[in-house]
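In: any chance you can model this:
(chains A, B, C, D, E and F)
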Number of protein chains: 6
Amino acid sequence: MIIDSHAHVTAPDSLYVFKAGILAHRGAHGRGGANVTDEDIIKAHTSPVFGGSSHLDQLKEAGTDMQLISPRPYQMMTSENPKLVQWFTEETNNIIAQTVKIYPKTFRGVCGLPLTPGVSPKAVLPYLERCVKEQGFVGFLLNPDPGECSGVETPPLGDRFWYPLYEKMCELDIPGHIHSSGCRSERLSYSLHFINEESIAVVSLLNSTVFNDFPNLKIMVSHGGGAIPYQFARFEAGSLRRGGPRFSEKMRNLYYDTVLYSADALALLFKTVGADRCLFGTERPGVGTVKDPKTGKWLDETRHIIESFEFLSAAEKKMIFEDNAKKLFKIQV
Amino acid sequence: MIIDSHAHVTAPDSLYVFKAGILAHRGAHGRGGANVTDEDIIKAHTSPVFGGSSHLDQLKEAGTDMQLISPRPYQMMTSENPKLVQWFTEETNNIIAQTVKIYPKTFRGVCGLPLTPGVSPKAVLPYLERCVKEQGFVGFLLNPDPGECSGVETPPLGDRFWYPLYEKMCELDIPGHIHSSGCRSERLSYSLHFINEESIAVVSLLNSTVFNDFPNLKIMVSHGGGAIPYQFARFEAGSLRRGGPRFSEKMRNLYYDTVLYSADALALLFKTVGADRCLFGTERPGVGTVKDPKTGKWLDETRHIIESFEFLSAAEKKMIFEDNAKKLFKIQV
Amino acid sequence: MIIDSHAHVTAPDSLYVFKAGILAHRGAHGRGGANVTDEDIIKAHTSPVFGGSSHLDQLKEAGTDMQLISPRPYQMMTSENPKLVQWFTEETNNIIAQTVKIYPKTFRGVCGLPLTPGVSPKAVLPYLERCVKEQGFVGFLLNPDPGECSGVETPPLGDRFWYPLYEKMCELDIPGHIHSSGCRSERLSYSLHFINEESIAVVSLLNSTVFNDFPNLKIMVSHGGGAIPYQFARFEAGSLRRGGPRFSEKMRNLYYDTVLYSADALALLFKTVGADRCLFGTERPGVGTVKDPKTGKWLDETRHIIESFEFLSAAEKKMIFEDNAKKLFKIQV
Amino acid sequence: MIIDSHAHVTAPDSLYVFKAGILAHRGAHGRGGANVTDEDIIKAHTSPVFGGSSHLDQLKEAGTDMQLISPRPYQMMTSENPKLVQWFTEETNNIIAQTVKIYPKTFRGVCGLPLTPGVSPKAVLPYLERCVKEQGFVGFLLNPDPGECSGVETPPLGDRFWYPLYEKMCELDIPGHIHSSGCRSERLSYSLHFINEESIAVVSLLNSTVFNDFPNLKIMVSHGGGAIPYQFARFEAGSLRRGGPRFSEKMRNLYYDTVLYSADALALLFKTVGADRCLFGTERPGVGTVKDPKTGKWLDETRHIIESFEFLSAAEKKMIFEDNAKKLFKIQV
Amino acid sequence: MIIDSHAHVTAPDSLYVFKAGILAHRGAHGRGGANVTDEDIIKAHTSPVFGGSSHLDQLKEAGTDMQLISPRPYQMMTSENPKLVQWFTEETNNIIAQTVKIYPKTFRGVCGLPLTPGVSPKAVLPYLERCVKEQGFVGFLLNPDPGECSGVETPPLGDRFWYPLYEKMCELDIPGHIHSSGCRSERLSYSLHFINEESIAVVSLLNSTVFNDFPNLKIMVSHGGGAIPYQFARFEAGSLRRGGPRFSEKMRNLYYDTVLYSADALALLFKTVGADRCLFGTERPGVGTVKDPKTGKWLDETRHIIESFEFLSAAEKKMIFEDNAKKLFKIQV
Amino acid sequence: MIIDSHAHVTAPDSLYVFKAGILAHRGAHGRGGANVTDEDIIKAHTSPVFGGSSHLDQLKEAGTDMQLISPRPYQMMTSENPKLVQWFTEETNNIIAQTVKIYPKTFRGVCGLPLTPGVSPKAVLPYLERCVKEQGFVGFLLNPDPGECSGVETPPLGDRFWYPLYEKMCELDIPGHIHSSGCRSERLSYSLHFINEESIAVVSLLNSTVFNDFPNLKIMVSHGGGAIPYQFARFEAGSLRRGGPRFSEKMRNLYYDTVLYSADALALLFKTVGADRCLFGTERPGVGTVKDPKTGKWLDETRHIIESFEFLSAAEKKMIFEDNAKKLFKIQV
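Out: The predicted structure is shown next:
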């Protein structure tokens, strides 16, 4: 069974019409909603999206059996007015929950959280609990920079600022999927900002006492861990100098998805953190849904690459494609 | 011959006493200077530094024949008062030039530039020219974020903002070595900020028209290119979608040093960008100058790793260790 | 013939999906577009909107023969990043032009302008000229507060800051329709902000030398002139004290639409400024498209109210419904 | 009997000399005071002011029997340093109380409050209580924008921020007279800012739950309610859409003064909100104290206009001129 | 003959009523004016002020024959809106010029300048020229901190920023009297801020090249030079260390008034800078106009103290009381 | 016995290398330390410093028997990141304590405090207590402007903000030595800022109720009290006007060091505040350690000047040189 642990919802247009509206009227028209019917969702999943075919067809093409879908991060506008962020996050999560209900064999939901830049995550814990207990979400996007590079900083994930969230995560036994949202700097795009934030998140978490204090905390890092599997030895040096546990060992406190689109990078990831810490992920349809004219294949069709790795055993491949996801997200099929 | 293209000056204490002083009196005591004698420099290079032995001894241990030394980036305080930045940069460069004069067979100089955050690089071009023509520097540190993550942004390296500098670089036929300085954010250390800035620099340069407009521009990226050799396929997707030249091909417009301390990362780098674009570098003595208890080796003794790579030919190894550096920095021995 | 001089475009959903996207990716996906087909526009005008029936049906119900349509102001996000504002304004204008081409007997276009808060309007003049000469727009929305109450102030309309625009308006013989966009203050909604800005605009213009310097300038104020026809005597006092021309006389330098939904207010407007300065307008479908349970009529069906005024002659009514609009906007049927 | 419910104190020069002084020395000379004697006050009321005759003579000319006097709002500098605002407000209130004591048949006092922009009104409640209980004030100026358009916003009057004040108003059974102070924006004068703030206040109050929560709250809006009696149908639409009570009905929760200087506007006001909600007011001597060369009458002599309205009964006129003021302000003669 | 070179105008109340008004209406009532008659000025100078007797009587009591009067500095509000500062400065200067015309034997005028914090003094040069050539002012207040300690800094007087003013001063052969205005810091009063600013001014001027570049520049420092005659040796040390001319010698490039109220301080001043650099000054009526219960004398009656100094010759005393003022301000009697 | 109550530590270079490092890495290398050995300290005190001879030799030359040493104020960077300020302050204090231990007959320690601009001093009280009780400090530097003129203001010393510190000072019976640190304004140097801050401190303390509330509070002002002994009569006037105790009497609540380098200034100080309030001080080696070519003496060799004053008795001189220091700092020899 192939589980794709990192993908984003294909929402009906009305979600974005709703968003454009609330950003403009700023609440003057009331809360309102995207008012999405099951038909809208079915149509959204069966109509062509980028890549040419429909979301459901793309899963079939890639051989994916189940996909974990979350809000499309760059759309989440988390540095905007908190009330509007909350409304849009709720609408998006509701559409995800509705989609999972319609396609229970194909999708599981990972919700977004309406965090406010620099503000304690305490405020969102009741909502997170409702998402998990009432709407059946199996994880959530843990956004390390709700300020979206706007200048309002939020402490890094190793800071005690985040402990109330970690306590709730352990209590609910729910994993956080590290993924930033937009980027307001003119110096880089949101897509590269994802990578940089993942590097910051990994280094901050592993150089902190978080995993000592929360040994059962479950965190998955997007996009193969940002720069860190490639750059880890730089941080290994510091850990050796401090005489503490090696940074490379601590890297195994985290989980990593495989949203990387080159064979060398995937191999480096598996060799660096171990197959037991990796979850297959594609973001498909997403950034990698483009055909490489050289190979004639979609860049995000990485299943074949992984399957071809001889240095991985069959058991390890099954871990990556299925077992790790089932364990981390407690997926029962 | 082994040339280490990325290392930093081991300066006498008086340079940092000078710095502490100007930061405190802010010019009230006048410009002053570090007043470093040749004896001071010789003493600095023959006394133990971190790692235990002296800078010169560390080169011998590692088998390095020649090293390119530049200001120690995290010390450069480029987001401080511009007058003080200029003073400290000049003092540091002077010490480097003096060091090269004392040890002409061992060192070559790469100077720092007193850039001001968000301000056109035009102002520093005459100084750069003097560094090259009068003090014999063979390259300079190209700091993409003189604001040191303080909130004052400087346009990314692909922006026309930087064109006056690129024109001067071509005119002088001098390479820029991309390296940021400190980091004032509480979310990450300067060391990780280096990596993130390198990723921003590479993506910005390669998605711009810089190399179309300056085909002879010579730029070397630190630390093996930040996250990009590992994450490149993410950006390959965009380039394929635009139908333009592949991002991976454009990556070969840049040079990369090998300041990575793990075999897998080094292998990935060579395979991704090609041996002809890589320059051996260690930062030794520096972040990697720590002994790995497992291997008993210094982390930054990566020469042996590279020499052991079977997938590289002898010619390729010579390129990495010697030829590329000689060509890029126009080093004559 | 009934011409409705103040109404806004009914755009396909894809315009707002486009907007939600660019606000989120901030240009990282490139300029893109709403990619609206004629079919999309026809569908948008024949599908139910708020009020229950379609835009075209609502015109028929109200007996409107021709309508001037402009961007929906609250959606214009003019205080956002200037590049994004320009993209969204262009897309919206393009859809309006396309709509006018499809329904040449029913619609005429009034374009939006991508003004930047506090920045001279000079930059948008070439674009305005293209809108008029190439796309056939008959007027434009003159936004007195592109900052959207965000704290970045733009000088009021009586300031010489606006003179380059007034020169171009006279040169092109094109009227400006005063209408602000959104409102970022938490103290009031955009809808009331419209009214307040109209009052500021009228007082600033009439207490300035604008109409002395530009006697042929054509400006129409939205919503019956904000508060001013009701509050004018307050400003009459100042003009009498200065011994200058009476404020009430200067009010006749401007034109006013009739977007007011009560008989008493409409009567006050006509009596205060004269029928020859008033243009029938409804914003339908818009804020007034709601049925009054008392009368069973739509609030914005004000044609009947005006027709019933005995104090207006038939010629005056024709002015209001037809002649003034034809003259001001140079409409030929 | 004619009661003028909206007028401002004619203070001796020494009040403004005091103000100029504290703004300059900022407390360095101590609290000090205006040190006004009864003679000073008598002189101030019997010397010519703008309009040519004295304040007392102007009342006689206009046939006013009693006047409610409050601080002259534009002078209140409420966005200045809070300590200075408090001092100046106290001095002004003291002069008003002293004036009422001297002319007990002619004047009643309405005090100012030293509110600080964005700060809870709790801090001024003890002072308000003293003003009412010890100094005999019959109402107070309720300033909805103590920040004077300076950028520091105070929540609008419908916000729970104001509830502590509303509780105290009900407890003391004292009315608030909505009136803003100065205006620091360069876009509009304080006089128009009054109007805009009144519109904001009315809409915010009526779209909130304030009158549900405080059914006995007594609030009078200045200048005939800003723009709202003219523009009300715009907000009626929203109330109908929400299916709630009509905005026009809720308008009768408020009282309005008649400080409008044109017959049409006065008629619109009475017809829109009802004679039982209107209190005669002139601000005389004030903005309207100028002779209209056409009629030879003062603009603020609106008593004759109101008396001439045939659509009002004698009882209604008595309400406007006398009964409503007596009831609202609990005036006993 | 006794000339008091440092005193401030005793203006009629209407000047401060004017000021309170423009600060409040911010121009909405137009420029207006204090409208001061000769009678008002005569009354102001013959009515009691602080100290108990009238300004003219206080001069007689102290035996002063002629006084140089300038705007009362703490009242000048130079950090306010520039337009309002200009209006108030002009009104104040006009009253001074009018006063000098009424009392030509008693007064000479020293004008204020409407400098804007951080903005080049170029803008005020034409006005300064008019003050001197058309209104007969013999000097002007040189305000080193128009920002009034508000956080907007103006470069210190030794900076080239001030050169355009120095050129004009030399061209007009007119002295500048260093005197700051108000103080917006909560840490100190304007009165102590005067002293601190004078210290800054003296040190900045003397450690700069101003007197090399403008050898004929005439500058008088208020209040005996701030702290510097007492603290000068601290700066002497620096000048000796630099091997340059002694600070104590350069102090003689400046003039100093004697506005100090203790014998020891006056003696220190004369001994430190020399009698030929000192001008008698009292600020009377002003801060020192209070009777010392011990001596029964006014604190600012310092003439007797100076006359009693045995270490000064009669010629030196005449310099201090008369000759230096006549020379510096070119006073002809 | 000659006790010099105001001098600063001569620290080994490594303290400033440490400082330059933490300012640059901002904690990324961990807390670290200056790691100063007794040998380093002995070397620092026996090597030449500015002035030419060693610190210890300079004491001998000047005839000083004991010196109170504190951190070198301009180096303290108190407006920097609080964590770094704390680290650097601790390191500096540790070196002082270590120096006192090495030279117990020559030195006593006065510690610095890591105050944060605008933040209550409560946070540093436990540290102050440890300095006194565990490290034997006999006083501390009381910095009235930890913001270093950066724009972040701290209330002046007369404000209740400082009461927690004053309580602790009384409890520990420890004196505070008023001394500011650096100066970030471009308008003046730190050295003049010292003087200005001392003036502010004295005026604020003496015009407050601090000495009424803390009659046993012990405070010494640096540099002879800033400007105040010279300018005191200006403030005497205010105190007489208020009818309160004379400012000159209240000046005797404070102690003053004699760090003035001219005979006239020293004489003024003694005459103004009394010998029983003065403590001999030189800052040697420091600003005054320069030879006057006229006299051939060091400027800071003021012992001879004081000894030569005939107006002082032998007992008074002993007070100044020895007794006052012993009493204030509780020094036992």
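In: got the contact list for A:E322?
Out: The contact partners of A:E322, taken as C-beta atoms under 8 Å, 6 or more residues apart in numbering or on different chains, are A:M1, A:I2, A:I3, A:F280. (Each C-beta comes from the backbone N, C-alpha and C, glycine too.)
In: which of those residues lies closest to chain E?
Out: Using C-beta to the nearest C-beta, the shortest approach to chain E within the contacts of A:E322 belongs to A:F280, at 56.5 Å.
In: wait, the closest one sits on A:D323?
Out: No: here A:F280 does not reach A:D323: they are 10.5 Å apart, not a contact under C-beta atoms under 8 Å.
In: when the two are compared, which one has more neighbours?
Out: Remark: of A:F280 and A:D323, A:F280 carries more neighbours, 23 against 18, as counted by other C-beta atoms under 10 Å in any protein chain shown.
In: from A:F270, how far out is the more buried one?
Out: A:F280 sits at a distance of 11 Å from A:F270 (criterion: C-beta to C-beta, to the nearest Å).
In: and for A:A24, the neighbour number?
Out: 22.
In: so for it, what's the nearest residue that isn't a sequence neighbour?
Out: In space, not counting the residues next to it along the chain, A:A24 is nearest to C:Q75; the distance is 4.6 Å by C-beta to C-beta, 6 or more residues apart in numbering or on different chains.
In: now A:S180. Its backbone dihedrals?
Out: Dihedral pair for A:S180: phi -80, psi 180, per degrees, to the nearest 10.
In: ok, the nearest residue to it once chain neighbours are set aside - how many residues close by?
Out: Distance criterion C-beta to C-beta, 6+ apart; nearest residue to A:S180, sequence neighbours excluded, is A:E197 at 4.1 Å. Burial of A:E197 is recorded as 29 neighbouring residues (other C-beta under 10 Å).
In: now do the strand or helix carrying A:E197 and helix B:190-206, the angle between them.
Out: A:E197 is part of helix A:190-206 when elements are defined by DSSP states H and E. The directions of helix A:190-206 and helix B:190-206 differ by 170 degrees, with axes from the mean of the first three to the mean of the last three C-alpha atoms, to 10 degrees as the criterion.
In: which neighbouring elements make contact with helix A:190-206?
Out: Applying 3 or more C-beta pairs under 8 Å, 6 or more residues apart in numbering or on different chains; DSSP states H and E, one finds that helix A:190-206 makes contact with strand A:176-178, strand A:219-221, helix A:228-241, helix B:190-206, helix B:228-241.
In: a markdown table please, covering these and showing mean pLDDT.
Out: Formatted as a markdown table, the helices and strands packed on helix A:190-206 follow (pLDDT from 0 to 100):
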| stretch | mean pLDDT |
| --- | --- |
| strand A:176-178 | 98 |
| strand A:219-221 | 98 |
| helix A:228-241 | 97 |
| helix B:190-206 | 98 |
| helix B:228-241 | 97 |
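In: could you dump the ones you listed to a markdown table with distance to C:F235?
Out: Conversion of the helices and strands packed on helix A:190-206 to a markdown table gives the following (distance: least, C-beta to C-beta, whole Å):
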| stretch | distance to C:F235 |
| --- | --- |
| strand A:176-178 | 59 |
| strand A:219-221 | 64 |
| helix A:228-241 | 66 |
| helix B:190-206 | 54 |
| helix B:228-241 | 57 |
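In: which of the ones you listed sits closest to C:H177?
Out: Taking C-beta to C-beta, helix B:228-241 is the member of the helices and strands packed on helix A:190-206 nearest to C:H177, at 40.3 Å.
In: how about the following helix or strand past that closest one: buried residues?
Out: Scanning forward in sequence from helix B:228-241, with DSSP H and E defining helices and strands, the next element found is helix B:247-250. Residues of helix B:247-250 classed as buried by neighbour count (16 or more other C-beta atoms under 10 Å in any protein chain shown): B:F247, B:S248, B:K250.
In: export helix B:247-250 as CSV, just CAs?
Out: Coordinates of each C-alpha in helix B:247-250 appear next as CSV, following Å, rounded to 0.1, in the frame of the first residue of the first chain:
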residue,chain,number,x,y,z
PHE,B,247,17.7,25.0,-13.2
SER,B,248,20.2,22.2,-12.8
GLU,B,249,22.0,23.5,-15.9
LYS,B,250,22.1,27.0,-14.7
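In: ok, then the element right after that helix?
Out: As the chain continues past helix B:247-250, the following element, by DSSP H and E, is strand B:255-257.
In: tell me the mean pLDDT for that next one?
Out: For strand B:255-257, the mean pLDDT works out to 98.
In: closest residue of chain A to chain F?
Out: Checked against chain F (C-beta to the nearest C-beta), the nearest residue in chain A is A:R242, 7.9 Å away.
In: who's in contact with that residue?
Out: If you count contacts by C-beta under 8 Å, 6+ apart, then A:R242 has F:G30 around it.
In: tell me the spacing between it and A:N207.
Out: Shown here: A:R242 relative to A:N207, a distance of 9 Å by C-beta to C-beta.
In: related to what we said a few turns ago, quick one, the helix holding A:E197 and helix B:228-241 angle?
Out: Using the same axes, to 10 degrees: helix A:190-206 against helix B:228-241 is 160 degrees.
In: where does A:V333 land on pLDDT?
Out: The predicted structure lists A:V333 with a pLDDT of 85.
In: ok, now A:S262?
Out: A:S262 carries a pLDDT score of 97 in this model.
In: show me which helix runs longest in chain A.
Out: Longest helix of chain A, by residue count under DSSP state H: helix A:82-102.
In: what helices and strands are in contact with that helix?
Out: With contacts defined as 3+ C-beta pairs under 8 Å, 6+ apart, the secondary structure elements packing on helix A:82-102 are helix A:13-25, helix A:38-46, strand A:66-70, strand A:107-111, helix A:125-135.
In: and the angle from the longest one to helix A:82-102?
Out: Looking back up the chat, that one is helix A:13-25. Going by the same axes, to 10 degrees, helix A:13-25 is angled at 170 degrees with respect to helix A:82-102.
In: need the contact partners of helix A:13-25.
Out: When contacts are defined by C-beta under 8 Å, 6+ apart, helix A:13-25 is touched by residues A:29, A:32-36, A:40, A:75, A:77, A:80, A:84, A:87-88, A:91-92, A:95, C:13-14, C:16-17, C:19-21, C:23, C:74-77, C:182, C:189-190.
In: could you rerun that using 7 Å?
Out: Judged by C-beta atoms under 7 Å, 6 or more residues apart in numbering or on different chains, the contacts made with helix A:13-25 from elsewhere in the structure are A:29, A:32-36, A:40, A:80, A:84, A:87-88, A:91-92, A:95, C:13, C:16-17, C:19-20, C:23, C:74-75, C:77, C:182, C:190.
In: skipping its backbone neighbours, what lies nearest A:A325 in space?
Out: Of all residues not flanking A:A325 in the chain, A:I3 sits nearest, at 4.2 Å (C-beta to C-beta, 6+ apart).
In: tell me the average confidence for the longest helix of chain A?
Out: 98.
In: how about that helix: buried residues?
Out: Residues of helix A:82-102 classed as buried under the neighbour-count rule (16+ other C-beta under 10 Å) are A:82, A:84-100.
In: and what of stretch A:268-278?
Out: Going by neighbour count (16+ other C-beta under 10 Å), the buried part of stretch A:268-278 is A:L268, A:L269, A:F270, A:K271, A:T272, A:V273, A:A275, A:R277, A:C278.
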